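1. A predicted structure for the sequence below; I have some questions about it.
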Amino acid sequence: MKAGASEIEPVKNVQGDNYVLNIDKGNQSEGGTNAIVLGDISIPSTVAEYTLITRNNASPSTEPFIAKSNANGDLWVLVGTDSGFEGTTTVYYTKVMILFSGPD
C-alpha cells in the first residue's frame, strides 16, 4: 500500500500493454518521489473473509511524507496499491486521514 501527493495531476498513460502514471510512485515495494510505502496489505490465500488492515506513517521512526502544492495551490493526493500479483484483488479503503498545514 502506498500514499503520496503531487503538485501535478496524476494521469495514466499507455506504455506497451500497461498503464503507467506520469508521476513517480516508485515500483511495487519501493517508494518514489511522489509516494511512500505504508506496508504490505496481503493476507494468506487461505483467508476468504474480509480482513481489516491498518497502515500509516505515524510511527516515531518514520519520516513524514511532505509535499508542496503548485503555484495555484493545487495538490493531488493518492492512496493505492502497487502489486505484481497477477490476479483479481479487491481492496476497500474505509478511512483515509491526511494532515495539511500551512507554511511555517
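-> Nice, thanks for sending it over.
2. Tell me where the protein has helices.
-> Assigned by DSSP state H, the helices in the chain number zero.
3. Poorly predicted segments of it, please.
-> Low-confidence segments of the chain, defined by pLDDT under 70, span residues 59-62, 104.
4. Can you give me the neighbour number for Ala5?
-> By other Cβ atoms under 10 Å, 20 other residues sit near Ala5. To be clear about C-beta, it is placed using only N, CA and C from the backbone, and glycine gets the same treatment.
5. where's it relative to Asn18, distance?
-> 23 Å (Cβ to Cβ, to the nearest Å).
6. Tell me what Trp76 is bridged to.
-> Taking DSSP bridges, one obtains Ser6 as the residues bridged to Trp76.
7. count of neighbours near it?
-> For Trp76, the number of neighbouring residues by other Cβ under 10 Å comes to 17.
8. I'd say it and Leu21 touch.
-> No - counting by Cβ atoms under 8 Å, Trp76 sits too far from Leu21 to count as a contact (10.6 Å).
9. All the strands of the chain, in order from the start?
-> Ranges of strands in the chain, per DSSP state E, are 2-6, 12-15, 18-21, 35-37, 76-80.
10. give the contact list for Thr89.
-> If a contact means Cβ atoms under 8 Å, 6 or more residues apart in numbering, then Thr89 has 81, 83 as its contacts.
11. Distance of it relative to Ser29?
-> If you measure Thr89 against Ser29 using Cβ to Cβ, the figure is 15 Å.
12. same check, this time on Ile66
-> In this view, Ile66 and Ser29 are 21 Å apart by Cβ to Cβ.
13. which of the two has more neighbours?
-> Ser29 (12 against 7).
14. The more buried one contacts Val37, correct?
-> Yes - in terms of Cβ under 8 Å, Ser29 counts as a neighbour of Val37; the distance is 6.3 Å.
15. Excluding residues flanking it in the chain, which one is nearest Pro31?
-> Let me fix one detail, which is that residue 31 is Gly and not Pro. Taking Cβ to Cβ, 6 or more residues apart in numbering, and ignoring the residues beside it in sequence, Gly31 has Val37 as its nearest neighbour in space, at 4.9 Å.
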